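# okay, sequence plus prediction incoming.
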Amino acid sequence: MTGRGRLAQNAVRLGLTAVPVAFFAVFFAYPVAAIVRRGLADGGTWHVGRLAEVLGQSDIRHVLWFTLWQAAASTALTLLVALPGAYVFARLDFPGREVLRAVVTVPFVLPTVVVGAAFLALVGRGGLLDELWGVRLDTTVWAILLAHVFFNYAVVVRTVGGLWAQLDPRQEDAARMLGASPLRAWRKVTLPALAPAVAAAALMVFLFTFTSFGVVQILGGPAFSTLEVEIYRQTTDLFDLSTAAVLTIVQFLAVGAILAVHARTVRRRETALRLVDASGTAHRPRGAGQWAVLAGVLATVAVLLLLPLAVLVQRSLDTPGLGYYRALTDADGGIFLVAPIDAVGASLSYAAAATALAVVIGGLAAAALARRDAGRLVRGFDALLMLPLGVSAVTVGFGFLIALDRPPLDLRSSWILVPLAQALVGVPFVVRTMLPVLRAVDVRLREAAAVLGASPWRVWREVDLPLVRRALLVAAGFAFAVSLGEFGATVFIARPDNPTLPVAVARLLSRPGDLNYGQAMALSTILMVVCAAALLVLERLRTDRSGEF
């Protein structure tokens, strides 16, 4: 390539990354930095000693220990429960396989508030277990761990199962022909090949559970607090911004380390293996062992994933004549300034705007990262795009209120504030969905178009876009689902006259009374149905099974 061509490519890449970098700098880095500065700086003087002072408190150390312990336990339990499911969806072909694959992904796109509400209906006071056997698990660590497995089951199934389906089964067959038992052949051949995917899935589950907020807030009670919950408590209840700033820094460093290791495992998974077409590796169950594994996975899905959702729906109908749903149309002025049902329209509008933002920002970032000659700096930008999934959403939301309150960014009274916060968590899903497809586009097609005189924009419009249109729709669907369920940041910035569905559910659950509880179950059911419908549409569109979520 000539020097002029290399300069042109660098200019294009710089142009593609400029908008995402500016977006994250203004709406992520700036609000987080504003919170840290407000908490640790006084009159221009930084109180670095506050770090040791806060971390030396016994209650804060207990929060740090519980955050690490429950994340490690949740990750181990999720891997134990979900790895058989990854095998079943990767290697066994059975009726309803694709529909069931979509069903097990529903919990992942549900808001954590809805997950908490579902398990509250199952294991809480007056829940199914309480009614049948007098057993309550709310305010115990077991409720938190089970809810985390429920939420993250699909991460393991799709990440590990996606790679498992593309491993050549003839390698394991060859080991068995040489005398290895089925277990030894799996341990010596398949497991080492799956190790990068298992590590990547484990790191993602650890990340999501390390920063858990809604599940712990609803199910844990006052006895259990993760870093995210403690940041929220220090910010809203105690208004101790210095302690919140210290905890934000700790969480930021921990998440950065997790993402760095995750990026390395993903690169290993992309470069170390020879993969085959996933459509030809699955077969009908053979023998008693495979039928037993399939039956066990189906039973696990029914009890762990479907039962909480079914109980949630049942609780929303637990009054004559759809009473809880009818009550959603009444505005009593006690919790909201509008009827709770209005949160549905507000959430859909916010999520649509956030999806548009996420697709534009994430699409530009993915286009820049897809170029295989991208340097280390661009690859580092890939890891930075994942930070909003792990950095405290509570800090981001409160940072919006503090940082975006003066010209030229005086947005505190603007409706766009909520979609901006939601788009931050949508962008990583857009990037992760589009990146494998963009990298699969034959670079010679782009070069041929450029030689024939097409501009970079025209190359994108006439070469890349037709090939990635389906992936773009899938990315938009994921962005819409996660935007619809964002809670940690919007709990600060959603206005009482225009609440989002997750905020409405949380506020209803925080008030006593059967009517408030029933309305929370009804709103959670509506949100679950919308997310499930979006996901089923995505599964019909989706053709790539590479294991990227």
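Arrived safely.
# I figured residue 488 hits residue 391, correct?
No. Residue 488 is beyond contact range of residue 391, at 10.0 Å (criterion: Cβ atoms under 8 Å). Every C-beta, even on glycine, is put in place using the N, C-alpha and C of the backbone.
# got the domain ranges for the protein?
Domain ranges of the chain: 1-35+318-549, 57-316, per automatic domain parsing.
# average pLDDT for the longest one, rounded please.
Put plainly, it is domain 1-35+318-549. Mean per-residue pLDDT for domain 1-35+318-549: 79.
# then stretch 73-91?
93.
# now it: buried residues?
By neighbour count on 16 or more other Cβ atoms under 10 Å, the buried set for stretch 73-91 is 74-75, 77-79, 81-91.
# if you count contacts, what does the helix or strand residue 86 falls within end up packed against?
Residue 86 belongs to helix 58-91 when elements are defined using DSSP states H and E. In this structure, helix 58-91 packs against helix 49-55, helix 97-109, helix 141-164, helix 191-210, helix 227-232, helix 241-271, helix 287-300, with contacts taken as 3 or more Cβ pairs under 8 Å, 6 or more residues apart in numbering; DSSP states H and E.
# what's the least confident stretch among the ones you listed?
Note on the helices and strands packed on helix 58-91: lowest mean pLDDT is at helix 241-271, with a mean of 77.
# can you give me the buried ones in it?
241-252, 254-256, 258-259, 262-263, 265-266, 269.
# between the helix holding residue 86 and helix 241-271, how many degrees?
Using axes from the mean of the first three to the mean of the last three Cα atoms, to 10 degrees, one finds that helix 58-91 and helix 241-271 are set 20 degrees apart in direction.
# related to what we said a few turns ago, what's the farthest-apart pair in the buried residues of stretch 73-91?
For these, the farthest-apart pair by Cβ to Cβ is 74 and 91; their separation is 26.0 Å.
# which ones are touching residue 202?
Contacts for residue 202 were tallied using Cβ atoms under 8 Å, 6 or more residues apart in numbering; they are 75, 79.
# and it, how far is that from residue 253?
As judged by Cβ to Cβ, to the nearest Å, residue 202 and residue 253 stand 20 Å apart.
# mind listing what the residue lying closest to residue 38 once chain neighbours are set aside touches?
In space, and not counting its chain neighbours, residue 38 is closest to residue 241: 5.3 Å by Cβ to Cβ, 6 or more residues apart in numbering. For residue 241, the contact set (Cβ under 8 Å, 6+ apart) comprises 35, 38, 39, 234, 235.
# and which of those is nearest residue 521?
Closest to residue 521 out of these is residue 235 (28.3 Å), distances taken as Cβ to Cβ.
# shouldn't that closest one be in contact with residue 394?
Yes. Using Cβ under 8 Å, residue 235 is in contact with residue 394, at 6.4 Å.
# phi, psi of residue 283?
Dihedral angles of residue 283 (phi, psi; degrees, to the nearest 10) stand at phi -150, psi 170.
# just list whatever residues bridge to it.
Residues in a beta bridge with residue 283, per DSSP bridges, are residue 92.
# quick one on the thing from earlier: residue 235 and residue 394 - which one has more neighbours?
Ranked by neighbour count (other Cβ atoms under 10 Å), residue 235 and residue 394 place residue 394 first, with 30 against 24.
# so which strand or helix has the more buried one?
Per DSSP H and E, residue 394 falls inside helix 393-403.
# which residues sit against that helix?
By Cβ under 8 Å, 6+ apart, helix 393-403 touches 27-28, 30-35, 38, 211, 213, 228, 231-232, 235, 244, 248, 388, 409, 411-412, 417, 420-421, 424-425, 486-493.
# and the next element down the chain from it?
Per DSSP H and E, the first helix or strand lying C-terminal to helix 393-403 is strand 405-406.
# now do that following strand: distance to the chain's middle.
Centroid displacement of strand 405-406 relative to its chain, using Cα atoms, centre = their mean, to the nearest Å, is 30 Å.
# ok, the helix or strand following that strand: who's next to it in the sheet?
Per DSSP H and E, the first helix or strand lying C-terminal to strand 405-406 is strand 409-410. Strand 409-410 has the following strand partners under DSSP bridges: strand 405-406 (antiparallel).
# show me what contacts residue 29?
Listed by Cβ under 8 Å, 6+ apart, the contact set of residue 29 is empty.
# measure it to residue 389 for me?
Distance, residue 29 to residue 389, using Cβ to Cβ: 15 Å.
# swap in residue 417?
Counting by Cβ to Cβ - residue 417 and residue 389 are separated by 20 Å.
# so which of these two has more stuff around it?
Taking neighbours as other Cβ under 10 Å, residue 417 and residue 389 compare with residue 417 leading, 23 against 20.
# so that one sits right up against residue 405, yeah?
No. Taking Cβ under 8 Å as the definition, residue 417 is not a contact partner of residue 405, at 10.5 Å.
# shared neighbours of the two, anything?
Common neighbours of residue 417 and residue 405, using Cβ under 8 Å, 6+ apart, are residue 411.
# quick one, which of the helices and strands packed on helix 58-91 gets closest to residue 459.
Nearest of the helices and strands packed on helix 58-91 (Cβ to Cβ): helix 241-271, 24.3 Å.
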